[in-house]
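Student: generate a structure from the sequence data that follows.
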Amino acid sequence: MEARASLKYARISPRKVKIVMDLIRNQPAEKAMAILKFTPKAACEDLEKLLKSAMANAENNHNMDTSRLYVAECFVSPGPILKRIRAKDHGRAHRILKRTSHMTLVLREQED
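Tutor: Numbers count the residues shown, from 1 in each chain. All right, here's what the predicted structure looks like:
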């Protein structure tokens with residue numbers, strides 16, 4: 001039995017999200033929440049909301065015990081890239097790539 005939550009089109013680069021996801025992978029849900037709360041990274045805010053959502057899904061939809069949950073899987077994939085242009089010297093233009101992410105978090109109950 002597993003509970004999952006996903007966040008699509010988050011306006012943050014997948015590279016930045018992956019760093020934080022590596023910190024919480026295979027951790028108990030409560031410990032993962034503490035890690036996200038005290039890590040000074042931009043991705044932590046979105047991942048904390050995602051973890052809360054997955055925990056709520058586990059409790060309400062699957063009747064799982066929240067004290068025994070752990071982060072079984074978490075992965076990020078790139079979403080669409082917003083292309084913008086910044087003016088440069090001598091009338092030139094450079095492209096700015098504003099990347100987006102699709103994040104997925106899966107929680108499972110620990111086996112005894």
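Student: give me the element the one residue sitting closest to the centre of the chain is part of.
Tutor: Closest residue to the average C-alpha location of the chain: Leu47 at 4.0 Å, with C-alpha atoms, centre = their mean. Assigned by DSSP states H and E, Leu47 belongs to helix 43-62.
Student: now the helix or strand following that helix: average pLDDT?
Tutor: Using DSSP H and E, the helix or strand that directly follows helix 43-62 along the chain is strand 69-78. Average pLDDT, strand 69-78: 95.
Student: one more: stretch 50-61?
Tutor: 95.
Student: residues in contact with Ala10?
Tutor: Shown in contact with Ala10 (C-beta atoms under 8 Å, 6 or more residues apart in numbering): 17, 46, 79, 100-103. For the C-beta atoms, the positions are set from N, CA and C on the backbone; glycine is no exception.
Student: check these and tell me the two furthest apart.
Tutor: Spatially, the most separated pair among the contacts of Ala10 is Asp46 and Gly79, at 12.6 Å (C-beta to C-beta).
Student: what's the pLDDT at the residue sitting furthest away from the middle of the chain?
Tutor: What lies farthest from the middle of the chain is His90; by C-alpha atoms, centre = their mean that is 40.7 Å. Looking at His90, its pLDDT reads 95.
Student: and it, that one's in a strand?
Tutor: No - under DSSP: H, G, I helix; E, B strand; the rest coil, His90 falls outside any strand and is assigned helix.
Student: please tell me how far the residue nearest to the centre of the chain sits from Glu30.
Tutor: 15 Å (C-beta to C-beta, to the nearest Å).
Student: check what pLDDT Met1 gets.
Tutor: For Met1, the pLDDT comes out at 86.
Student: could you report the neighbour count for it?
Tutor: Number of residues near Met1 (other C-beta atoms under 10 Å) recorded here: 9.
Student: could you check how far it is from Lys83?
Tutor: Counting by C-beta to C-beta, the gap from Met1 to Lys83 is 42 Å.
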